[in-house]
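*Asks:* build me a model:
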Amino acid sequence: MKLKSLFLGSAAALALGTSAQAADPIAVALDVCDLLGISGLTISSETNCLKFTGNVSYEWKWDIDASTTTGDLDWALKAVATADSDFGPAMAVIELREKEDNIMATGNPAVAPATLTAGPNDVVLHEAYVGIGDSSSTVLYAGKKGSVVKQGDDDTFTAIFSLDSLGLSGDAAGSDEGLALGGGVATGGYVLQASASLGDGVNAAVGLEDLGTANNASLIGAIGVKQDWGTAHASFVLDDIIQAANVWALHAGATFNVDEMSFRVAFETASDNTWSGLLTGKATFDMFTLAAGVEFDNASQWEAAVSGVAKVDDNVTLTAAGRWDDNSNWDIALKGAFKVSDTLTASAKINFDEASLTALETDLDWAPGGGTKVNVGFNADSAGNTSLSTKFSKTFE
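*Replies:* Modelled structure (predicted):
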């Protein structure tokens, strides 16, 4: 329990207890965080509420056969100062991150991770911006911030295997699931943006982004819909409008929910005449969830996956999945997850592929609460590679 809550509760009890005896009841004053509807780890002054969020994680890995060890420290700290204004809540946001995990250093989230060469002690300003307005109507943003581009509705429903190995539209092979923006367009970075709620689950946004690059600006337009039938979005990026370079990219997707089934379609294309698409669906029955998906592009590359998940009971879940592509690469995997207790889960996965490699992964996941997670994992394969790892993480907000 926070001290602030204790003080407010005590003040309220005192006011109720004395109102019957006093001519004028005692008023209970709420601080600015309560009045603005902000909770969490906060510090308040008379006019401002300062909220802190963040995360810290550390992973250590021992490559047993190579007799080498590696460690990876990740962290982020975000502070949001909010005050009331005539146009709605006014915010100043500052977020610091470890440089090697920052995704905005080049102004292009799709390529930035590969360009960073920094140690865990190097700190970057991930975000620093001003926002003003009510999220239920219109919000204006200015500063260093992520893009208003909407890129959801573009990942597969299949379990274990995601469709991310093609490296479509400049996305590094295996780097992330989903369809990346093509054309090498730059987004985010230093921005001027506006986001508006149009009602009935419709949100639209426009922005000038990548303003930190000399003589350049990207014009962004995006719209998203969230209703009972599902979600949908479309985003358009016109890059380098100052120099009129005519470089552009389009990203769109939609998810439809029909009873116990869901279907998804996504598409992206760009001015360099590249494009890629995704089709996926899933059906949920009493015990089983079946899913399938396929990703393809203009170069006749494709990758497909299928999976089946069986929830045997509240404690045991079994999964079988397969993946293959146009280059005759394939994988088959079996996984079992066993809930040992409310906070402890053990899992094991065995994987076979076209190279006759058999790999075993075992994990023990502990979630004791308070935003804390602990993982211990052991990996081994038929080529003689073995490793042991552990990861601790904590989030706060």
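*Asks:* and the helices in the chain?
*Replies:* 3-19, 32-35, 112-115 (DSSP state H).
*Asks:* can you get me a residue count around residue 250?
*Replies:* Residue 250 has 17 neighbours, counted by other C-beta atoms under 10 Å. Yep, even glycine has a C-beta here, placed from its N, CA and C like the rest.
*Asks:* I misspoke; the intended subject was residue 83.
*Replies:* Neighbours of residue 83 using other C-beta under 10 Å come to 17.
*Asks:* same check, this time on the one 5 residues further on
*Replies:* When counting by other C-beta under 10 Å, one arrives at 17 neighbours for residue 88.
*Asks:* how close does it get to residue 46?
*Replies:* For residue 88, the distance to residue 46 (C-beta to C-beta, to the nearest Å) stands at 19 Å.
*Asks:* how about residue 292?
*Replies:* 58 Å.
*Asks:* check residue 158 too.
*Replies:* 53 Å.
*Asks:* so for these two, which sits in the more crowded spot?
*Replies:* The residue with more neighbours, out of residue 158 and residue 46, is residue 158; 25 against 7, by other C-beta under 10 Å.
*Asks:* show me the contacts for that one.
*Replies:* By C-beta atoms under 8 Å, 6 or more residues apart in numbering, the residues touching residue 158 are 280, 282, 291-293, 305-307, 321, 323.
*Asks:* now those in JSON lines, with neighbour count, pLDDT and distance to residue 336?
*Replies:* Below are these laid out as JSON lines (neighbours: other C-beta atoms under 10 Å; pLDDT from 0 to 100; distance: C-beta to C-beta, whole Å):
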{"residue": "280", "neighbour count": "23", "pLDDT": "96", "distance to residue 336": "24"}
{"residue": "282", "neighbour count": "20", "pLDDT": "97", "distance to residue 336": "20"}
{"residue": "291", "neighbour count": "20", "pLDDT": "97", "distance to residue 336": "18"}
{"residue": "292", "neighbour count": "18", "pLDDT": "97", "distance to residue 336": "22"}
{"residue": "293", "neighbour count": "23", "pLDDT": "95", "distance to residue 336": "23"}
{"residue": "305", "neighbour count": "24", "pLDDT": "94", "distance to residue 336": "19"}
{"residue": "306", "neighbour count": "17", "pLDDT": "97", "distance to residue 336": "18"}
{"residue": "307", "neighbour count": "23", "pLDDT": "97", "distance to residue 336": "14"}
{"residue": "321", "neighbour count": "21", "pLDDT": "96", "distance to residue 336": "13"}
{"residue": "323", "neighbour count": "23", "pLDDT": "93", "distance to residue 336": "19"}
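*Asks:* and the furthest pair within those residues?
*Replies:* Maximum pairwise distance among those (C-beta to C-beta): 15.6 Å, between 282 and 323.
*Asks:* and the most centrally placed residue in the chain, how far is that from residue 208?
*Replies:* For the chain, the residue nearest the mean C-alpha position is residue 152 (10.0 Å; C-alpha atoms, centre = their mean). Taking C-beta to C-beta as the measure, residue 152 falls 22 Å from residue 208.
*Asks:* buried set for stretch 46-57?
*Replies:* 48-51, 54-55, 57 (16 or more other C-beta atoms under 10 Å).
*Asks:* output stretch 247-256 as CSV - backbone C-alpha positions only.
*Replies:* What follows is stretch 247-256, C-alpha atoms only, in CSV (Å, rounded to 0.1, in the frame of the first residue of the first chain):
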residue,chain,number,x,y,z
VAL,A,247,10.1,7.4,-52.1
TRP,A,248,7.0,5.9,-50.4
ALA,A,249,5.7,2.9,-48.6
LEU,A,250,2.3,1.4,-47.8
HIS,A,251,1.4,-1.0,-45.0
ALA,A,252,-2.2,-2.3,-44.4
GLY,A,253,-3.7,-5.2,-42.5
ALA,A,254,-7.0,-6.5,-41.0
THR,A,255,-8.1,-9.1,-38.5
PHE,A,256,-11.6,-10.6,-38.6
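*Asks:* quick one: mean pLDDT over it.
*Replies:* Averaging pLDDT along stretch 247-256 yields 96.
*Asks:* which other residues reach it?
*Replies:* So stretch 247-256 is contacted by 149-154, 179, 181-185, 229-240, 262-271, 278 (C-beta under 8 Å, 6+ apart).
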